[in-house]
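Peer 1: for reference, the sequence and a predicted model appear below.
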Amino acid sequence: MKTLYIIRHAKSSWKNMDLDDFDRPLNKRGRHDAPMMGERLRKKKSMPDLILSSPAKRAKMTAESIAKKVHYNKKKIVYDQNIYEADVSTLEDILMDIDDKYNTVFLVGHNPGLNELAEHYAGYTENLPTCGIVSIAFTCKQWKDIDSDNAKLLFIDYPKK
């Protein structure tokens, strides 16, 4: 069994309009929500074998904050440039290339790609709010075999829920 947690980055700051999109940090709400969602994951005993994240500043901050709450060594977070602005096809390729020794993966990234991924695998059609999480279990042993036919939606959670 493989389990995927699709995690949208927390709310980002638009305070400095001169910053490149890639470099935008979390705003106050984002800095509150990311550890709160990490705490919710810890209480559900959701422990990742691997955290994959976009290297964009807001995604990194989200991934590191959640990692801290679930007691995952932030030095082991894998930052993949391909996650930034990825479409569903690119995200699928990334997932299918994960080493099978990892059973539980947190994927931290951006919309619209994450929304499309959640819809593709689990039929989730709502907009995934910032710092929202969609958890999906796959009844297969290899990441290359994950598919909507062997996917089961476990839960959806987000800060205002």
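Peer 2: Happy to help now that I have it.
Peer 1: excluding covalently adjacent residues, which one is nearest to residue 39?
Peer 2: residue 69 (5.0 Å; C-beta to C-beta, 6 or more residues apart in numbering). C-betas here are computed from N, CA, C, even on glycine.
Peer 1: what of residue 14?
Peer 2: Nearest to residue 14 is residue 24, by C-beta to C-beta, 6+ apart, at 7.1 Å.
Peer 1: for the one you found, grab phi and psi.
Peer 2: phi -70, psi 130 (degrees, to the nearest 10).
Peer 1: helices of the protein, residue ranges please.
Peer 2: For the chain, the helices defined by DSSP state H cover 28-43, 57-69, 88-96, 113-122.
Peer 1: who's in contact with residue 97?
Peer 2: 143, 144 (C-beta atoms under 8 Å, 6 or more residues apart in numbering).
Peer 1: that older thread, surely the residue nearest to residue 39 meets residue 38?
Peer 2: Yes. The pair residue 69 and residue 38 qualifies as a contact (C-beta atoms under 8 Å) at a distance of 2.8 Å.
Peer 1: so which bits of stretch 116-127 are buried?
Peer 2: Of all the residues in stretch 116-127, those buried under the rule 16 or more other C-beta atoms under 10 Å are 116, 117, 118, 119, 120, 121, 122, 124.
Peer 1: quick one: residue 105 from residue 122, how far?
Peer 2: To residue 122, residue 105 is 15 Å away according to C-beta to C-beta, to the nearest Å.
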